[in-house]
Every structure is written in structure tokens, then in C-alpha cells.
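1. Please find the sequence and the predicted model below.
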Amino acid sequence: MAISEKKKMELEIQRREQILSVALGLFYKNGYKNTSMADIAKAANISKGLIYHYFENKAELLFSYQENLDSCLNEINDFKSAKEAIYEFGRRFLLREIDETGYIPPLQVYVIVFVKGEMDNPDYMDRNPLYQDFGKNYFGPLFKRGIEAGEFKKGDPKLYGDIYWHYLLGSVLETIDSRRSLQEQQDLNEVLSIFEQ
């Protein structure tokens, strides 16, 4: 008995999500360069050839997390308090262990891939978060909202955003090899206090 088109689509979506979940975990744990498509197939308990049905190559697989990343950024952006939103982004971005929800920070994985020079496919270099003024463009509006709400002192919100983003980048770089936990890093509340009234 043939399966319905609807059931076939549901299975395709489930399989794709299974591959994405396994791959991000491997990228996070072993690094992008040290994770092969064969490793992902083995961990997902599927054939290597089947992965290529869903993803053309490993880089496409990595950047398939953009939807998850966008969803996370939108969720954080919707926090009522700009300070809480900025803090939560930092907390998630700096995670060094997969938490009880299974959350793995895709932006951190992206950043580490580019910082370590593991992405050598020129077709994807324009997606490098290090070159997109992320701090100014994402955190700038949040800091502006926080300034207007009295959570932060008056100042240039884009500059504040850039400073905070560079702090986060530095923290990630510092922990790449040492795998220090967030608790061992400077407290994010202390960092945010720099911008407060």
C-alpha cells in the first residue's frame, strides 16, 4: 500500500529535521571541519546518499539553520525588556554545554566555523556573521529601545551594540579551545552594567 502524499511530505520534513539536529550537535561538539557527511549519516542512522537527497553539501546543511537562527533572534527581539533580550542573547550565544532543552546556539557554530577558517567555500562567504555589522544592526535597535525605556544611559546605540557584540565574540574565541563554562566567564550582568544609568 502506497503512502499518501501528505504522509510522504511529513516523513521528508521529519527526516530533514533529524539530519539538521544531528549535524548541528556534531558541528558543535567536533567542529565543522572534523565532521563529515558520513559522520552525520551514521549518527542519524541513515545512508550517506540519503543526506544528499536533502542537502547538496555540508555547507548547505550548515546554513540551513538560518531559519532556526532567525526564529531565535525574533523571539529574543520580542522580549519586553531590551536589557533582558540582550542578556538572553548573550546567555544563549555563550553556552558551552547543550542545555536540558537540547538547545545548541547556531550563531555560535557559524562564528566558530568562520573564525577557525573552516569555511572555504566562496559561495557562502557572504554569510559570514563577522562581516555583517551584526552588533550595530541587531543589538543597535535593542540598545536604542533600552535607552528610550531608561534601562541604559544615553549614548550611541549602534556603538553600544558593536561593543557588546565584540565582547561576545571575544568570549567565544577565548573559550574555543579551553571550553570554559559561562559561569567561569565574566558575568553578563556586569558587562551590561557598563551601559546602565
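-> Good, I have the coordinates. All of these numbers come straight from a predicted model, not from anything done at the bench.

2. What's the biggest helix in this structure, counting residues?
-> helix 5-30 (DSSP state H).

3. now for that helix, which elements pack on it?
-> Using 3 or more CB pairs under 8 Å, 6 or more residues apart in numbering; DSSP states H and E as the contact test, the elements touching helix 5-30 are helix 37-44, helix 48-54, helix 58-63, helix 106-115. (Glycine included, C-beta is placed from N, CA and C.)

4. after the helix or strand of the chain with the lowest mean pLDDT comes which helix or strand?
-> Least confident helix or strand of the chain, by mean pLDDT, DSSP states H and E, is helix 106-115 with a mean of 80. Remark: after helix 106-115, the chain's next helix or strand is helix 134, criterion DSSP states H and E.

5. downstream neighbour of that following helix in the secondary structure list?
-> Next along from helix 134, by DSSP H and E: helix 140-148.

6. so what secondary structure elements neighbour that next one?
-> Going by 3+ CB pairs under 8 Å, 6+ apart, helix 140-148 lies up against helix 82-93, helix 157-178.

7. and residue 65, which of those helices is closest to it?
-> Closest approach to residue 65 among the helices and strands packed on helix 140-148 is made by helix 82-93 (13.5 Å; CB to CB).

8. Against which helices or strands is that closest one packed?
-> Using 3+ CB pairs under 8 Å, 6+ apart, helix 82-93 sits against helix 66-77, helix 140-148, helix 157-178, helix 188-193.

9. Same list, those, but as TSV with distance to residue 9, mean pLDDT and mean neighbour count please.
-> What follows is the helices and strands packed on helix 82-93, written out as TSV (distance: least, CB to CB, whole Å; pLDDT from 0 to 100; neighbours: other CB atoms under 10 Å):
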stretch	distance to residue 9	mean pLDDT	mean neighbour count
helix 66-77	17	84	14
helix 140-148	37	96	20
helix 157-178	37	85	17
helix 188-193	42	89	15
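
10. Residue ranges in the protein under the pLDDT threshold?
-> Where the chain drops to pLDDT under 70, the residues are 1-2, 97-102, 129, 175-186.
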